[in-house]
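Q: below is the structure, and that's it, no one-letter string:
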């Protein structure tokens, strides 16, 4: 019984239940088609600090716990540097060098590299409009970082020198297109709009105080229903039809 009442509510407000997802789906599809195709390649690198080792005459031994802790701090600061223009220029020089021989300038890759970190793992996400470029830039970023991971910091001449190693975890083999994610976004937004349309239909039904059927009258008045008049029949022009003595509709 309850399911039938729910279906009646949706059927009465079917226009808004269908109109909202259609509008959202059409708008999302239009934005999806207008958005240019892009390709994203990801590379992962683990950063490890190499502490100064104590000699045989020194009783002090470096604790690895503090080495790991310092590595996380260094990786956190390094991400901010790698997202800057200095590292981008270094990657452009690597691409133009003998390892890649690609005519990709620094202006073409600025804003294409997004660097993030989780613990000691640094992730390079490169997004361009060419699949091969995304893979090449990601590989060049890893190679550039491996040459001197801490070369972008000004450590000065005081204190013991700390070295760092950037160990590649995953090199990109191919770049993924944004089309699949775009289609998923369109489908997800359409489903959310459909759920919102159903919720809006129930809200309109809740705000409507009219008694539409016997069940609504019984619930509102708390009295049993003794009889129910059939719906008024109309002809093709919308005029009411009379009911004859035999119970049939007469013109």
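A: Perfect, thanks for sending it. Everything quoted here is computed from the prediction, not taken from an experiment.
Q: residue ranges with poor pLDDT in this structure?
A: 1, 50-72, 152-162, 211-213, 216, 220, 229-251 (pLDDT under 70).
Q: just the helices in it please.
A: Using DSSP state H, the helices of the chain run over 2-12, 14-34, 64-82, 85-96, 106-109, 131-147, 178-207, 214-221.
Q: can I get those in TSV with mean neighbour count and distance to residue 227?
A: The way it works is simple: take the backbone N, C-alpha and C, and place the C-beta from them, glycine included. Below are these laid out as TSV (neighbours: other CB atoms under 10 Å; distance: least, CB to CB, whole Å):
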stretch	mean neighbour count	distance to residue 227
helix 2-12	12	20
helix 14-34	15	29
helix 64-82	15	76
helix 85-96	18	81
helix 106-109	15	79
helix 131-147	22	73
helix 178-207	15	25
helix 214-221	12	9
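Q: can I get these in a markdown table including distance to residue 124?
A: Listed next are the helices of the chain as a markdown table, based on distance: least, CB to CB, whole Å:
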| stretch | distance to residue 124 |
| --- | --- |
| helix 2-12 | 49 |
| helix 14-34 | 26 |
| helix 64-82 | 8 |
| helix 85-96 | 9 |
| helix 106-109 | 12 |
| helix 131-147 | 5 |
| helix 178-207 | 17 |
| helix 214-221 | 62 |
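Q: nearest to residue 115, of the ones you listed?
A: The closest of the helices of the chain to residue 115 is helix 64-82. By CB to CB, the value is 4.2 Å.
Q: ok, now which ones touch the residue lying closest to residue 113 once chain neighbours are set aside?
A: Among residues not flanking residue 113 along the chain, residue 126 sits closest, at 5.5 Å (CB to CB, 6 or more residues apart in numbering). Listed by CB atoms under 8 Å, 6 or more residues apart in numbering, the contact set of residue 126 reads 40-43, 109, 112-114, 134-135, 137-138, 141, 172, 175.
Q: apply 10 Å and report the result again.
A: With contacts taken as CB atoms under 10 Å, 6 or more residues apart in numbering, residue 126 has the following neighbours: 39-43, 91, 109, 112-115, 133-141, 172, 175.
Q: over to residue 15?
A: Per CB under 10 Å, 6+ apart, neighbours of residue 15: 197, 201.
Q: ok, it to residue 7 distance?
A: As for residue 15, its distance to residue 7 is 15 Å (criterion: CB to CB, to the nearest Å).
Q: just give me the neighbour total for residue 35.
A: Around residue 35 there are 11 other residues, counting by other CB atoms under 10 Å.
Q: surely it and residue 177 touch.
A: No. Between residue 35 and residue 177 there is no contact, the gap being 11.5 Å when judged by CB atoms under 10 Å.
Q: show me what residue 116 is bridged to.
A: residue 123 (DSSP bridges).
Q: if I look at it, how far off is residue 90?
A: 19 Å.
Q: same check, this time on residue 23
A: Applying CB to CB to residue 23 and residue 90 gives a distance of 48 Å.
Q: contact partners for residue 195?
A: 17, 20, 21.
Q: from residue 31, how far off is residue 109?
A: Taking CB to CB, one finds residue 109 at 26 Å from residue 31.
Q: likewise residue 114?
A: 22 Å.
Q: great, nothing more from me.
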